[in-house]
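Novice: attaching a predicted model along with its sequence, questions to come.
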Amino acid sequence: MAGSRRSDGEGTEIKLGKDGRYHASLSFGLKAGGKRDRRHVSGKTRGEVALKLRKLQEKRDAGLVPLAGASPTVAEWLRHWLDTIVATRLRPGTLYDYRSIVESRIVPAIGHHRLDRLQPEHVESFYASLMAPQPRLDAKTGEVVMPKALTASSVLKTHRVLSRALKVATARERVARNVCALVEPPSVIRVEVKPLTQDEAKQIIDAATGSRNAARWSVALALGLRQGEALGLLWEDVDLQTGALTVRRALERRTYSHGCDGDCGYARAGSCPARVGGGLVLGPPKSNASRRTIPIPVPLVAALKTHRAAQAAERLAAGSMWQDHGHVFATVIGGPIDPGVDHRAWKSLLKAAGVREARLHDARHTAATLLLTQGVAPRVAMEILGHSQISLTMNTYTHVMPEVSRDATNRVGAALWGASGTNEDGGGYGGGYRSGTGEEVERADLQSGSPNIRDSYVEPPVGVEPTTYALRVRCSGQLS
């Protein structure tokens, strides 16, 4: 190159190349293989190159050194993110879901783009293709196939995986911005929770009485344990003397991996004769908040004692075939219950009880609804259910909160206004607002023969907003 000059403070030589542009390079030490690592910059003017050099030198001195070489593709970065960054932080099931989303959705569509050249429009077109796919030619069969359209919730999950990976890339300065932050993902309408009613829950418990593992369903409906938590419960976690159980683990089915070199002839790793890493496994619960100790209702303590006695009889009958894993709910030979088998048992129980169709997870929603409608404070319900945030409890069970809030304000009204009076028609108010708890007021109404104040309108003092009454529920606290 000709035209070599070095200005004061530049720290490296800027040269005018044959292409008419100015060029310079800056040393970054050695690469991983021992070769010298030099970064090149160019520009139309000497000042432009000098500015680029200063910025590059500031990054080097601050330790913000980008990796040498060209930017990786989206596919390369996502695989690196999965294999080395989040692999040890995610639950195996979650990691499997992420990997499936990356390989089956993201990589085929936008994996070929360079990471630093990915644009919001690429992502928007990708999301649109997931929700309204076009016919494509199958590479194996040569036939035209129509991919299945994904729901908005599935596309939103894909968006979250991609955005999370790009957020790390942005923090490490592999890209200047997270393009997912500039894209509006599809909106998802929250499905309203449909818990079982109190009568339906009683029907299920009655129908299960006398059957194998009957207490399994009582635990689900009374304590709200997740399926994995209930099936992963060990007897060492249950104290029937003090009436408490501790959630320490959860049963999950993990996906198998090929244990061969890929020459077994099976596409599915689960069919590989040398398969590894899968099956039913006891792992950690969903989150740190899921590790909790829950008091057991007295009737459920009795049911668990009966269940333990029945399991002891099965153990004697199984003899040497018994698998001593300590599961509270186990197979006839003591092994863990497959979640699929457990789900089918729940469906059969619903039919036997004459109860409408419901998901197994709805038993957990039922327990939560019963807790809140019985006046249990949301914070306490959150701890019993193992939610990580109070907002999750409040947002999930918004259908319950109006009743609880109405009853709470009614109790405040009963505590503040004790004067009785008459309405405009000359009739009584059922005693008006009277001091005492709701139960005391109701007891007084029953004794006097007057209607309960929840069935009557009470005119409050002038200047005070009137209060109406809703379905009575039991509250855990009183006005102090």
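Specialist: Happy to help now that I have it. Source: prediction; values computed, not measured. Residues are numbered from 1 along each chain as shown.

Novice: ok, W346 - how many residues close by?
Specialist: 21 (other C-beta atoms under 10 Å). C-beta: built from backbone N, CA, C; applies to glycine.

Novice: over to R291?
Specialist: Using other C-beta under 10 Å, R291 has 14 other residues around it.

Novice: same question, G354
Specialist: The number of residues packed near G354 is 10, by other C-beta under 10 Å.

Novice: low-confidence regions, the protein specifically.
Specialist: Low-confidence regions of the chain, defined by pLDDT under 70, span residues 1-11, 30-34, 62-70, 139, 398, 401-404, 418-480.

Novice: how's it carved up into domains?
Specialist: 2-61, 74-182, 198-258+271-360 (automatic domain parsing).

Novice: would you list these in JSON lines and tack on distance to Y397?
Specialist: Putting those into JSON lines (distance: least, C-beta to C-beta, whole Å) gives the following:
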{"stretch": "domain 2-61", "distance to Y397": "50"}
{"stretch": "domain 74-182", "distance to Y397": "20"}
{"stretch": "domain 198-258+271-360", "distance to Y397": "11"}
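
Novice: doesn't H361 make contact with Q227?
Specialist: Yes - under the contact definition of C-beta atoms under 8 Å, Q227 touches H361, with a separation of 7.2 Å.

Novice: quick one: which of those two has more around it?
Specialist: With neighbours defined as other C-beta under 10 Å, Q227 and H361 compare such that Q227 has more, 21 against 15.

Novice: residue contacts, the more buried one?
Specialist: 220, 339, 342-343, 360-361 (C-beta atoms under 8 Å, 6 or more residues apart in numbering).

Novice: go again with 7 Å.
Specialist: Shown in contact with Q227 (C-beta atoms under 7 Å, 6 or more residues apart in numbering): 339, 342, 360.

Novice: and it, how far is that from T73?
Specialist: Separation of Q227 from T73 (C-beta to C-beta, to the nearest Å): 39 Å.

Novice: so how far is R292 from the residue positioned nearest the centre of the chain?
Specialist: In the chain, the centroid-proximal residue (C-alpha atoms, centre = their mean) is K286; its distance is 8.0 Å. Note on K286: its distance to R292, by C-beta to C-beta, is 11 Å.

Novice: distance of the nearest residue to G326 once chain neighbours are set aside from L251?
Specialist: Closest residue in space to G326, ignoring its immediate chain neighbours: L234 at 4.3 Å, by C-beta to C-beta, 6 or more residues apart in numbering. Applying C-beta to C-beta, the value for L234 to L251 is 10 Å.

Novice: G20 is in contact with K44, correct?
Specialist: No - applying C-beta atoms under 7 Å, one finds K44 not in contact with G20, separated by 8.2 Å.

Novice: which one of those two is surrounded by more residues?
Specialist: When K44 and G20 are compared for neighbours, K44 comes out ahead with 10 against 7, by other C-beta under 10 Å.

Novice: next up, the contacts around the residue lying closest to that one once chain neighbours are set aside.
Specialist: Nearest residue to K44, sequence neighbours excluded (C-beta to C-beta, 6+ apart): R21, at 6.2 Å. R21 makes contact with 42-44 under the criterion C-beta under 7 Å, 6+ apart.

Novice: same thing with K305?
Specialist: L240.

Novice: what of G335?
Specialist: Contacts for G335 (C-beta under 7 Å, 6+ apart) come out as 323, 325.

Novice: just V328 next, same as before
Specialist: V328 neighbours (C-beta under 7 Å, 6+ apart): 233-235, 238.

Novice: same thing but 10 Å
Specialist: 213, 215-216, 219, 230-238, 245, 304, 307-308, 311 (C-beta atoms under 10 Å, 6 or more residues apart in numbering).

Novice: buried ones only from these, please, as a ChimeraX command.
Specialist: One line in ChimeraX is enough to select the buried ones among the contacts of V328; burial here means 16 or more other C-beta atoms under 10 Å:
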select :213,215,216,219,230,231,232,233,234,235,237,238,245,304,307,311
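
Novice: what segments of the stretch 1-150 of the chain are helices?
Specialist: Here the stretch 1-150 of the chain has its helices, by DSSP state H, counting those that start in this stretch, at 46-61, 74-80, 92-101, 107-110, 120-131.

Novice: okay, buried residues for the longest one please.
Specialist: When burial is assessed from 16+ other C-beta under 10 Å, helix 46-61 yields the following buried residues: 46, 49-50, 52-53, 56-57, 59-60.

Novice: just give me the closest of the residues you listed to D407.
Specialist: K59 (60.9 Å; C-beta to C-beta).

Novice: you'd agree that closest one is up against V41?
Specialist: No - with contact defined as C-beta atoms under 10 Å, K59 does not count as touching V41 (11.8 Å).

Novice: nearest to K194 among the contacts of Q227?
Specialist: Using C-beta to C-beta, the contacts of Q227 come closest to K194 at L360, 13.1 Å.

Novice: intersection of neighbour lists for K286 and R292?
Specialist: With C-beta under 10 Å, 6+ apart, K286 and R292 have common neighbours 229, 247, 386-387.

Novice: by neighbour count, which of the residues you listed wins?
Specialist: Using other C-beta under 10 Å as the neighbour criterion, E229 leads those with 25 neighbours.

Novice: so what's it up against?
Specialist: Applying C-beta under 10 Å, 6+ apart, the residues near E229 are 219-220, 223, 237, 245, 247-251, 285-286, 290, 292, 364, 386.

Novice: now the strands for this protein?
Specialist: When assigned using DSSP state E, the strands of the chain occupy the ranges 2-5, 14-16, 22-30, 36-43, 136-137, 144-145, 238-239, 244-247, 250-254, 279-283, 292-295.

Novice: hang on, the earlier thing: any residues in contact with both of L234 and L251?
Specialist: 282, 327.

Novice: mind saving the C-alpha coords of stretch 407-414 as CSV?
Specialist: The C-alpha trace of stretch 407-414 is given here as CSV (Å, rounded to 0.1, in the frame of the first residue of the first chain):
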residue,chain,number,x,y,z
ASP,A,407,-67.0,-10.1,51.3
ALA,A,408,-63.9,-8.3,52.8
THR,A,409,-65.5,-4.9,52.3
ASN,A,410,-68.8,-6.1,53.6
ARG,A,411,-67.1,-7.1,56.8
VAL,A,412,-65.4,-3.8,57.1
GLY,A,413,-68.8,-2.1,56.6
ALA,A,414,-70.3,-4.3,59.3
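
Novice: list the buried ones in that stretch?
Specialist: 407, 410-411, 413-414.

Novice: cool, stretch 315-323 as well?
Specialist: 315, 322.

Novice: against S42, how distant is the residue nearest to G43 when sequence neighbours are not counted?
Specialist: Of all residues not flanking G43 in the chain, V49 sits nearest, at 4.3 Å (C-beta to C-beta, 6+ apart). Per C-beta to C-beta, V49 is found 7 Å from S42.

Novice: list the residues that contact both of the two?
Specialist: Shared contacts of V49 and S42, defined by C-beta under 10 Å, 6+ apart, are found at 14-15, 21-24.

Novice: just the buried ones among those residues, please.
Specialist: Among the shared contacts of V49 and S42, those classed as buried by 16+ other C-beta under 10 Å are 14-15, 22-24.

Novice: okay, those residues in a markdown table with distance to E184 next?
Specialist: Rendered in a markdown table, the data for the buried ones among the shared contacts of V49 and S42 read as follows (distance: C-beta to C-beta, whole Å):
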| residue | distance to E184 |
| --- | --- |
| I14 | 44 |
| K15 | 47 |
| Y22 | 42 |
| H23 | 42 |
| A24 | 42 |
